[in-house]
Structures are given as structure tokens and as C-alpha cells.
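**Q** build the 3D model from these lines:
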Amino acid sequence: MYQLKTKQFIPTSIDVCWEYFSSPANLKEITPPGMGFIIKTDLEAKMYEGMMIEYKVTPLLGIPMNWITEIKAVKEGHFFIDEQRKGPYKIWHHEHHFKQVEGGVEMTDIVSYELPFGLLGKLLHPIIVKPKLKQIFDYRTKKVASLFATKVA
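**A** Okay, the predicted model is just below:
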């Protein structure tokens, strides 16, 4: 199993930050355009435990794939966890943590994942999967910084 962990300071209140990140519709805005990210589910305004969300993504070579995640846990203003139910990973467990700190919010993402295809998956991880995930989260970090530069509460 592999893990990616990122932290980002967001200069806003915990309420503003939570309002934005707890709306699944905002995920498209912080996903790289090249991912071809489309939400296929009619969404509620706020996530809730047990919520299932279906996406279509084209992460590699323009090949579309369906991805279904379930919101497994939500603690208002503190964290939520989503897990893949159907998609490209054998296991995908994504924790989103929010902590009020001086001057804003510290947001921490912890993604624990396992690839399919045994040895082939292990060989592809360092040359395709890990760099692609880093690219996605680097884009997200820059996008969130620009979004919240204008949304300071």
C-alpha cells in the first residue's frame, strides 16, 4: 500500500473552508482540466455519510473510466473520508482533515491506496501513478491558494 500526504495553509475561517470542501460539486473546480472530470451523480449541496458519487475521468491517454466513491465518515468542520467503490485502484482511502490555526486553516490530505495488477502495478507506480497523483495534488494546491486568496473571511 502507498500513501500520499499533503498539507496546505488556507487563509480563511474553518466555516468558510468547510463550506467549500464539504460540497462535492466543488471537486471539479480543483481538479486539473486535463483529467476530463465529470460528476455524473445528482448531488446534494452537502456531503453526508453514505453518499455515493459517480464520476467519469480520463486520467491517462484520454481513456475514460468510471469512478464511484462513497463518503464513509463526516465530522462537521473537522474531517471527512471518501473511499473508492469502483475505479482504477484496488484500494483508495482519502482522508481530508481541517484544523483551525492562527490566521486560517491547516488542511491535510492523506491518501492511502493500492494498485491492481500485482507486480505490474508495482512497476507502474513510480513511473506513472505516483507522478500523476503528485501532479493532481500540486494543481489542487495552487488552485486552492488562488481561490482562497479572494475568499478570505
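**Q** in the chain, what residue spans correspond to strands?
**A** Listed in chain order, the strands of the chain (DSSP state E) span 2-10, 38-39, 52-57, 65-75, 79-86, 91-101, 104-114.
**Q** what angle do strand 2-10 and the last one make with each other?
**A** So the one you mean is strand 104-114. Counting by axes from the mean of the first three to the mean of the last three C-alpha atoms, to 10 degrees, strand 104-114 lies at 170 degrees to strand 2-10.
**Q** what is strand 104-114 packed up against?
**A** strand 2-10, helix 14-21, strand 91-101, helix 130-149 (3 or more C-beta pairs under 8 Å, 6 or more residues apart in numbering; DSSP states H and E). (Glycine included, C-beta is placed from N, CA and C.)
**Q** and these, which is most packed in?
**A** Greatest average neighbour count among those goes to helix 14-21 (a mean of 18), per mean count of other C-beta atoms under 10 Å.
**Q** I'd like to know how far Gln8 sits from Gly118.
**A** From Gln8 over to Gly118 the distance is 34 Å, taken as C-beta to C-beta, to the nearest Å.
**Q** just to revisit the earlier point, make CSV out of the strands of the chain and add distance to Leu133 and mean pLDDT.
**A** Shown next, in CSV, are the strands of the chain (distance: least, C-beta to C-beta, whole Å; pLDDT from 0 to 100):
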stretch, distance to Leu133, mean pLDDT
strand 2-10, 6, 97
strand 38-39, 20, 93
strand 52-57, 13, 94
strand 65-75, 14, 96
strand 79-86, 13, 97
strand 91-101, 11, 97
strand 104-114, 7, 97
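**Q** what number of residues lie near the residue nearest to Met47 when sequence neighbours are not counted?
**A** Nearest non-adjacent residue to Met47, counting by C-beta to C-beta, 6 or more residues apart in numbering: Ile71, 4.8 Å away. Look at Ile71: counted by other C-beta atoms under 10 Å, it has 18 neighbours.
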